[in-house]
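Q: my questions concern the predicted model and sequence given below.
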Amino acid sequence: MELVKLTHENIDQEHICCAISNNKDIQVMSKKNWLKDRLDEGLVFLKGNVRGKCFIEYIPAEYAWAPIEAQGYMYIDCLWVSGQFKGHGYSNLLLDACIEDSKAKGKKGLVILSSRKKMGFLSDPKYIGYKGFQTADTAEPYFELMYLPFGEGAPFPCFRDSVGRHEDMPEGFVLYYTNQCPFTAKYVPILEEMAKARNAVFRSVHIQNREDAQNAPSPFTTFSLFYDGQLVTHEILSEKKFDKILANKGV
């Protein structure tokens, strides 16, 4: 498989894998605009030359939209190979390319967000454990910050102190999200309208800069829904799933 790297010159023409291909779709526009702003910070979006989800996205950890301390590391935003492409070694191909590139850039290692067991939107702990990643830090209720050092003596990455600080969070639903995932552009407005129709107490916090993301209360800044200060889910919700959550909360 040929790998294609997004650049300022080709990003408008290339399919970004995780959303539909129409550049006028709000999901595509949102994600591509976010990517364009990150490319000059060292973000790399590397994808297979296929029409589907087969890509890796990574950025120097100092510029990551995540509340972590990982000076000198490369942070993997997302490694996604969908079902139809599994079993061909594409995950290894993408990860190995990231490792080679990161070493060439003098990085100390890789950092990635995972979980205690396999969960949507987070890296599979079994796979990255097999690839040599180790747990560097944890955060409730299930987040695992895993790292792959390139040499001995590399410092342990860790979550920032903001993670887990929910005491000042208002009651009801609070949703933190960014434009890092195209799906938030579609579903966040839908969830807001659903909450309004049910008279649910609902506040959305659109994280729009790196500084706010690096001081967020959840390790997964792309999408984290809280209720009365407790994390409900980090998985981007469909209407059906959110309706079930509203019902469970008696709304």
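A: Thanks, I have the structure now. Residues are numbered from 1 along each chain as shown.

Q: ends of stretch 190-206, how far apart?
A: 15 Å (CA to CA, to the nearest Å).

Q: that one: how far from the chain's middle?
A: In this view, stretch 190-206 has its centroid 22 Å away from the chain centroid, taken as CA atoms, centre = their mean, to the nearest Å.

Q: same deal with stretch 94-101?
A: Centroid separation for stretch 94-101 versus its chain: 18 Å, with CA atoms, centre = their mean.

Q: what residue ranges in the chain score low on pLDDT?
A: For the chain, the stretches with pLDDT under 70 are 19-21, 23.

Q: assign the residue most central in space within it to helix, strand or coil.
A: What sits nearest the mean C-alpha location of the chain, by CA atoms, centre = their mean, is Asp77, with 4.9 Å. Here Asp77 is recorded as strand under DSSP: H, G, I helix; E, B strand; the rest coil.

Q: how close does it get to Lys196?
A: According to CB to CB, to the nearest Å, Asp77 stands 31 Å off from Lys196. Where C-beta positions appear, they are placed from N, C-alpha and C, glycine not excepted.

Q: and the gap between the residue nearest to the centre of the chain and Ile245?
A: 26 Å.

Q: give the contact list for the residue nearest to Cys18 when sequence neighbours are not counted.
A: Using CB to CB, 6 or more residues apart in numbering and skipping the chain neighbours, the partner closest in space to Cys18 is Lys53 (5.5 Å). By CB atoms under 8 Å, 6 or more residues apart in numbering, the residues touching Lys53 are Cys17, Cys18, Trp80, Val81, Ser82, Phe85.

Q: partner residues bridging the fourth one?
A: When assigned by DSSP bridges, Val81 has beta-bridge partners Cys54.

Q: could you report the neighbour count for it?
A: 24 (other CB atoms under 10 Å).

Q: my read: it touches Gly89, true?
A: No. Using CB atoms under 8 Å, Val81 is not in contact with Gly89, being 9.6 Å away.

Q: quick one: Gly153 is in a strand?
A: No. Read with three-state DSSP, Gly153 is coil and lies in no strand.

Q: mind listing what it touches?
A: Per CB under 8 Å, 6+ apart, neighbours of Gly153: none.

Q: for the residue nearest to Phe45 when sequence neighbours are not counted, grab the count of nearby residues.
A: Once flanking residues are discounted, Phe45 sits nearest to Leu6: 4.1 Å by CB to CB, 6+ apart. Neighbourhood size, Leu6 [other CB under 10 Å]: 22.

Q: also Gly151?
A: A count of neighbours around Gly151, defined by other CB under 10 Å, yields 8.
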